[in-house]
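J.: need a structure here:
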Amino acid sequence: MLYITRLSAILVACLSLLWITPAAAEGTRIGVLTCKSIPGTRVNLIIRSTSDVECVFRDDIGKVEYYIGETGIALGADLTFKKDEETFAFTVLSASKIVVGEHTLAGRYVGGKASASVGIGVGAAVLVGGNNDNFSLQPLAVEGNTGIGAAAGLGFLYIEKSR
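T.: Residues are numbered from 1 along each chain as shown. A predicted model of the protein is given here:
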């Protein structure tokens, strides 16, 4: 029972980060970044978890860029048993204008991340980073996954131009 209480405390702490971070982030909406996990790449070490992802960025006028990368929890608790499929989408905010086609979003993003699932699950992450920490990734909607468990901690997303 003490174990569940500690996990609940971690989830509450990370969820509070999700509400604080958007207020601190400033910028103009430039598009949507949607990422999907690559089956067979998920590794869960309980205090750290990773999965390779393929991402698509669509700017607000319809131009598209493709990225590959890795996402997960760098430090926290990941007590999930998920299938390999996970999809999440972010509204991308930027302090400056970008040119689609130059893969300007490539870089490292960090922030709070939390998820829970019993069968079908939900989660959210708010991440900041990229080229000169110029971008903020805000949840467009909750992430979708299937499995059982809960996870919370310092989330990350590393993306680069798809080859």
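
J.: I'd say G112 and L154 touch.
T.: Yes: look at G112 against L154 with Cβ atoms under 8 Å: they come within range, at 7.2 Å. Every C-beta, even on glycine, is put in place using the N, C-alpha and C of the backbone.

J.: Please identify which of these two sits among more neighbours.
T.: G112 (22 against 16; other Cβ atoms under 10 Å).

J.: who's the residue most central in space within the chain bridged to?
T.: Geometric centre of the chain, nearest residue: A125, 4.9 Å, by Cα atoms, centre = their mean. Counting by DSSP bridges, A125 is bridged to K113.

J.: Quick check: it vs T34, distance?
T.: Distance of A125 to T34, computed by Cβ to Cβ, to the nearest Å: 13 Å.

J.: Can you pull the residues that touch both of those two?
T.: Applying Cβ atoms under 8 Å, 6 or more residues apart in numbering, one finds that A125 and T34 are jointly contacted by F88, F90.

J.: Low-confidence regions, this structure specifically.
T.: Applying pLDDT under 70 to the chain flags residues 1-26, 82-84, 118-122, 140-147.

J.: again, only this time at 90
T.: 1-29, 40-49, 60-62, 72-88, 94-102, 104, 111-155, 163 (pLDDT under 90).

J.: where do the helices sit along it?
T.: 2-24 (DSSP state H).

J.: Strands along the chain, start to end?
T.: Along the chain, counting by DSSP state E, strands occupy 28-37, 43-44, 49-59, 64-78, 81-94, 107-129, 135-139, 143-161.

J.: What strands line up against the last one, and which way round?
T.: Sheet pairing for strand 143-161, assigned by DSSP bridges, gives strand 64-78 (antiparallel), strand 81-94 (antiparallel), strand 107-129 (antiparallel).

J.: could you give the angle of it to strand 49-59?
T.: Relative orientation of strand 143-161 and strand 49-59, computed by axes from the mean of the first three to the mean of the last three Cα atoms, to 10 degrees: 70 degrees.

J.: where's V53 relative to K97, distance?
T.: As judged by Cβ to Cβ, V53 and K97 stand 26 Å apart.

J.: who has more neighbours, those two?
T.: V53 (23 against 8).

J.: Would you mind naming the residues that bridge with the more buried one?
T.: Judged by DSSP bridges, the bridge partners of V53 are S37, G69.
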